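Participant: with the sequence up front, the predicted model follows.
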Amino acid sequence: MCTALRSVYGSHVTKERTTQDRKDSKCPELPLNVVEEILLNLPGQQVICVCRLVCYAWKSVVDSTAFWKERCRREGYKPLNNHRVPKDWRTFFFLCKKRRNLLKNPNAEEEFKDWKIIENGGDRWAVENLFKPHPDETVIKCFVTSYWPCIKAQLINLEKEGYSPAFMDEVQPDIVITDWYAPRWDCGSVYQICVELLNHKKKVIQVFQPEQVTFPQWNDQEWNKMTHVFKDYGPGVRFIHFKHGGKDTQFWAGHYGIRVTNSSVELFPANEE
């Protein structure tokens, strides 16, 4: 587990000392509560990769549940479900620290940068301002589909994002998918999504592909949230392929189809989503 955590950050870690080296090493003459306070104020990566190797006393502090639980408390990381205690507070800390949206340009702020257009039917994909405010007030743009299918995708390389093969295989964090979509009020539309977990050969390990969602003409054009959590998917996941889009159902020229924005792929501590 320690190896997996260190490899998450791509650190070049000095080889651990032998047992005899540790026994012979002399620890700084500091009370353990002082040592703990010092370590709590150092970067977590440095604590794991350097400080833990100083001596047995320091290693015992770094390996304790209380140490990582206190780090989580100080940095504001806590389980979303208060009734579930993390199995490993150290893993919980590093996953919270590293958690972010792995999809690039999810809100159309840079047009179609980082997205691969799979289908570009009708009058093609477009980017527009929102007709109706999004629950997240920072979101002001969306991707818009046309009267034939419009599908776009991103391929996430987990190792390039800092999640090593060892980490993915040993920890298997929950992979949480969210996507926001809305119809236009005066036109029917269809929304679809497909997310695949792939191995190193880009073969499918697991897939999330719900039935497409169809909206009637004349609707309230509310924003809807699609969400899914990949759990217990086993070893071998190296890529995530995120694909979504849709079309309108009236076959009107222009961009009357489904709107999508604020998509995300995040890695959570297992059972903490």
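Facilitator: It's in.
Participant: show me which parts of stretch 214-221 are buried, residue by residue.
Facilitator: Within stretch 214-221, the residues that qualify as buried are 215, 221, counting by 16 or more other CB atoms under 10 Å. C-betas here are computed from N, CA, C, even on glycine.
Participant: who touches that stretch?
Facilitator: For stretch 214-221, the external contacting residues (CB atoms under 8 Å, 6 or more residues apart in numbering) are 131-132, 182-191, 249-250, 258.
Participant: out of these, who's nearest residue 70?
Facilitator: residue 182 (42.9 Å; CB to CB).
Participant: follow-up on the earlier one: in strands, which of the contacts of stretch 214-221 appear?
Facilitator: Using DSSP state E, the members of those that fall in strands are 182, 189, 190, 191.
Participant: beta partners for the third one?
Facilitator: Read it as residue 190. residue 214, residue 247 (DSSP bridges).
Participant: can you tell me how far it is from residue 42?
Facilitator: Per CB to CB, to the nearest Å, residue 190 is found 52 Å from residue 42.
Participant: does residue 95 count as helix, strand or coil?
Facilitator: What DSSP: H, G, I helix; E, B strand; the rest coil gives for residue 95 is helix.
Participant: gap between it and residue 108?
Facilitator: Distance from residue 95 to residue 108, by CB to CB: 28 Å.
Participant: with residue 170 instead?
Facilitator: Distance, residue 170 to residue 108, using CB to CB: 36 Å.
Participant: repeat that for residue 230.
Facilitator: With CB to CB as the criterion, residue 230 and residue 108 are 25 Å apart.
Participant: for residue 138, same thing?
Facilitator: 13 Å.
Participant: these two: which is more packed in?
Facilitator: A count of neighbours by other CB atoms under 10 Å puts residue 108 above the other of residue 138 and residue 108, at 24 against 8.
Participant: show me where pLDDT drops low in the stretch 151-273 of the chain?
Facilitator: Applying pLDDT under 70 to the stretch 151-273 of the chain picks out residues 270-273.
Participant: please repeat the previous calculation with a cut-off of 50.
Facilitator: 272-273 (pLDDT under 50).
Participant: all helices for it, in order.
Facilitator: Applying DSSP state H, counting those that start in this stretch to the stretch 151-273 of the chain gives helices spanning 165-171.
Participant: OK, contacts around residue 111?
Facilitator: Residues near residue 111 by CB under 8 Å, 6+ apart: residue 127.
Participant: just the one 4 residues further on next, same as before
Facilitator: The neighbours of residue 115, taking CB under 8 Å, 6+ apart as the test, are 105, 152, 153, 154.
Participant: could you dump the residues you listed into a markdown table and include neighbour count and distance to residue 53?
Facilitator: Supplementary listing: the contacts of residue 115 in a markdown table, determined by neighbours: other CB atoms under 10 Å; distance: CB to CB, whole Å:
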| residue | neighbour count | distance to residue 53 |
| --- | --- | --- |
| 105 | 15 | 40 |
| 152 | 21 | 47 |
| 153 | 17 | 43 |
| 154 | 19 | 39 |
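Participant: right, I'll call it a day here.
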